[in-house]
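Student: sharing a model that was predicted from the sequence below.
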Amino acid sequence: MQLKNHFTKELKDAKTQALFNDIEIPLLRVLAAMELEGINLDKDFLNGLAEDLNNDIKVLEAKIYDVAGEEFNIASPKQLGLILFEKLKLVDKPKKTKTGQYSTAEDVLSFLAKDHEFVQSILDYRGLSKLKSTYVDALPNQIEDSTKRVHTDYMQTVAATGRLSSNNPNLQNIPIRTERGRQVRKAFVPRDENYVLLAADYSQIELRIIAALSKEENMIKAFQNGEDIHASTAAKVFNVDLKDVTREQRSNAKTVNFGIIYGVSAFGLSNQTDLTRKESKELIDLYYETYPKLRNYMAAQVDFARDNGYVETILKRRRYLKDINSRNAIVRGAAERNAVNAPIQGSAADIIKIAMINIFRRFENEGFISKMLLQVHDELVFDVHKNELDSIKPIIKYEMENAFKMIVPLNVEIGIGKNWLEAH
DNA sequence: GTAATCACG
DNA sequence: ACGTACGTGATTACA
């Protein structure tokens, strides 16, 4: 929660007034309550994880120093670059960063790891160090003495699209993608033994929004029929039966579905998949043939931005795009991608904000003692008293799925557990 | 203070 | 030919 002058700049017309008065200001109370409530953390569990990580990090260190023939700071991209590309000369023409240093970014090292086992150890070392320093070691220190809980700050005026951001500590980027990282989520636990954690997630909300805004019938139908959208996309794009879609086809369709929201290029797609640039271009072309209105919609957003200097969400939240008519094609291209992406990402933010306000009001009006704790862009996390679980679960699902009516249904998946990982 | 890296949606 | 997917925050190294 942070109210700044920033808000005031755009209060010119009635629609923006409504966004301000009916969403952002009511949300202030909701966020304040969530921040003050905090979340319970299992400190002992994190200390155990820290010890495990330390042991594994030491083993990796020894392995890396052995191959390098010397000890050095693995966390220093500069020192690591010298070892890999000058001392060991792993490649002829190493990729450089924009400041002229050797790039040791994840994709570069992953490529090298195929031929050099110890490079995988460097990646593992990085991964474990990150987990330890950013989460396992840091989180226990952020427990507030007076409440014994962790209290994040939500910022309402940072993200250009209308999303919230979270800091001190950031609870919107707790690991989940790797097995080792997921363990951190086990440290987020209910208030006490009378409570459980409940996590409620919007499924594919951004893709549903782009389907609704573009009025692309083929995609709308898939959602209305409750289909697996990535498999459905694959079936249409590759012209096969839904049941014959291979894992690879589904995976590539999924990457395009996500990419489309960001304004992907053939180059970007080929970087994210095993496809060549040519294959990527063909796939994108097929995609637009499958969903023709999507391309029309995207072009219309760019045109609107050129004419008006901004784009807007379903609640008329604006993002101004000063570079939309830039003579520099790179700069203009970035603004054009923003013109497509901001209404999608921002409308999703609008919808979950409505849901949060409505759920909070119902909890108040209906006298529940369960609490909303966290928002992670398309997810809400609650501390639910066991006696209230049966009555509260359908309320959360209803309020989230019906926060905003679109031609495409919204779908919310709910999980319950004795920690945040289990609740997923 | 900035760059590089990497955690999330 | 160009450069190359949207939005954030935290940590570490280093000038």
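Tutor: Nice, thanks for sending it over.
Student: for the strand or helix carrying A:Lys293, list every residue counted as buried.
Tutor: Using DSSP states H and E, A:Lys293 maps to helix A:292-308. Applying a neighbour-count criterion of 16 or more other C-beta atoms under 10 Å, one finds A:293-295, A:297-298, A:301-302, A:304-305 buried in helix A:292-308. No exception for glycine: its C-beta is placed from N, CA and C like everyone else's.
Student: what's downstream of that helix, the next helix or strand?
Tutor: strand A:310-312.
Student: does that following strand reach DNA strand C?
Tutor: No. Strand A:310-312 is not in contact with DNA strand C by C-beta under 7 Å from any atom of the strand; minimum separation 11.0 Å.
Student: okay but A:Leu112 is in contact with A:Leu84, surely?
Tutor: Yes. Counting by C-beta atoms under 8 Å, A:Leu112 touches A:Leu84, with 7.4 Å between them.
Student: where do the contact lists of these two overlap?
Tutor: A:90, A:119 (C-beta atoms under 8 Å, 6 or more residues apart in numbering).
Student: which parts of stretch A:231-251 are buried?
Tutor: A:231-238, A:245, A:249-250.
Student: can I get the buried residues of helix A:292-308 in CSV including distance to A:Asn225?
Tutor: As requested, the buried residues of helix A:292-308 are exported to CSV (distance: C-beta to C-beta, whole Å):
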residue, distance to A:Asn225
A:Lys293, 18
A:Leu294, 18
A:Arg295, 23
A:Tyr297, 21
A:Met298, 24
A:Gln301, 27
A:Val302, 31
A:Phe304, 31
A:Ala305, 33
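Student: burial measure for the nearest residue to A:Ile83 once chain neighbours are set aside, as a count.
Tutor: Closest residue in space to A:Ile83, ignoring its immediate chain neighbours: A:Ala68 at 5.0 Å, by C-beta to C-beta, 6 or more residues apart in numbering. Using other C-beta atoms under 10 Å, A:Ala68 is surrounded by 18 other residues.
Student: can you check A:Ser76 too?
Tutor: With other C-beta under 10 Å as criterion, A:Ser76 counts 12.
Student: same question, the one 5 residues further on
Tutor: When neighbours are defined as other C-beta under 10 Å, A:Gly81 has 18 of them.
Student: hang on, the earlier thing: among the buried residues of helix A:292-308, which pair sits farthest apart?
Tutor: Largest separation among these by C-beta to C-beta: A:Lys293 and A:Ala305, giving 18.6 Å.
Student: torsion angles phi and psi at the residue nearest to A:Leu410 when sequence neighbours are not counted?
Tutor: Nearest residue to A:Leu410 in three dimensions, chain neighbours excluded: A:Glu401, at 4.7 Å (C-beta to C-beta, 6+ apart). Torsion angles at A:Glu401 (phi, psi; degrees, to the nearest 10) stand at phi -70, psi -20.
Student: over to A:Ser133?
Tutor: The phi/psi pair for A:Ser133 (degrees, to the nearest 10) is phi -70, psi -40.
Student: ok, it to DNA strand C distance?
Tutor: 3 Å (C-beta to the nearest atom of the strand, to the nearest Å).
Student: do the same with A:Asn402
Tutor: With C-beta to the nearest atom of the strand as the criterion, A:Asn402 and DNA strand C are 26 Å apart.
Student: got a list of what the residue of chain A positioned farthest from its centre touches?
Tutor: Among the C-alpha atoms of chain A, the one most distant from their mean position (C-alpha atoms, centre = their mean) is that of A:Gly69, at 39.9 Å. With contact taken as C-beta under 8 Å, 6+ apart, A:Gly69 is in contact with A:Lys87.
Student: now do the same contact list for whatever residue of the stretch 151-300 of chain A ends up closest to DNA strand C.
Tutor: Closest approach between the stretch 151-300 of chain A and DNA strand C, counting by C-beta to the nearest atom of the strand: A:Gly259, at 2.0 Å. Applying C-beta under 8 Å, 6+ apart to A:Gly259 gives the contacts A:268-269, A:272.
Student: which strand or helix spans it?
Tutor: Counting by DSSP H and E, A:Gly259 is found in helix A:247-262.
Student: so is that helix next to DNA strand B?
Tutor: No. For helix A:247-262, no contact with DNA strand B is found by C-beta under 7 Å from any atom of the strand; the gap never falls below 8.4 Å.
Student: ok, the residue of the stretch 201-350 of chain A found nearest DNA strand B - how many residues close by?
Tutor: Nearest residue of the stretch 201-350 of chain A to DNA strand B, counting by C-beta to the nearest atom of the strand: A:Gln345, 6.0 Å away. A count of nearby residues for A:Gln345, using other C-beta under 10 Å, gives 24.
Student: and for the one 3 residues further on?
Tutor: The number of residues packed around A:Ala348, counting by other C-beta under 10 Å, is 27.
Student: now do the contacts for the nearest residue to it once chain neighbours are set aside.
Tutor: Nearest residue to A:Ala348, sequence neighbours excluded (C-beta to C-beta, 6+ apart): A:Ile205, at 4.8 Å. By C-beta under 8 Å, 6+ apart, the contact set of A:Ile205 is A:348, A:351-352, A:378, A:410.
Student: how close does the residue of the stretch 151-300 of chain A closest to DNA strand C get to A:Thr276?
Tutor: 16 Å (C-beta to C-beta, to the nearest Å).
Student: also A:Phe267?
Tutor: On the measure of C-beta to C-beta, A:Phe267 and A:Thr276 end up 11 Å apart.
Student: one more: A:Ile284?
Tutor: 13 Å.
Student: quick revisit: can you tell me the SS state at the residue of the stretch 201-350 of chain A closest to DNA strand B?
Tutor: Here A:Gln345 is recorded as helix under DSSP: H, G, I helix; E, B strand; the rest coil.
Student: hang on, isn't it packed against A:Thr161?
Tutor: Yes. Counting by C-beta under 8 Å, A:Gln345 touches A:Thr161, with 4.4 Å between them.
Student: any idea how many residues pack against A:Lys15?
Tutor: Using other C-beta under 10 Å: A:Lys15 sits among 13 other residues.
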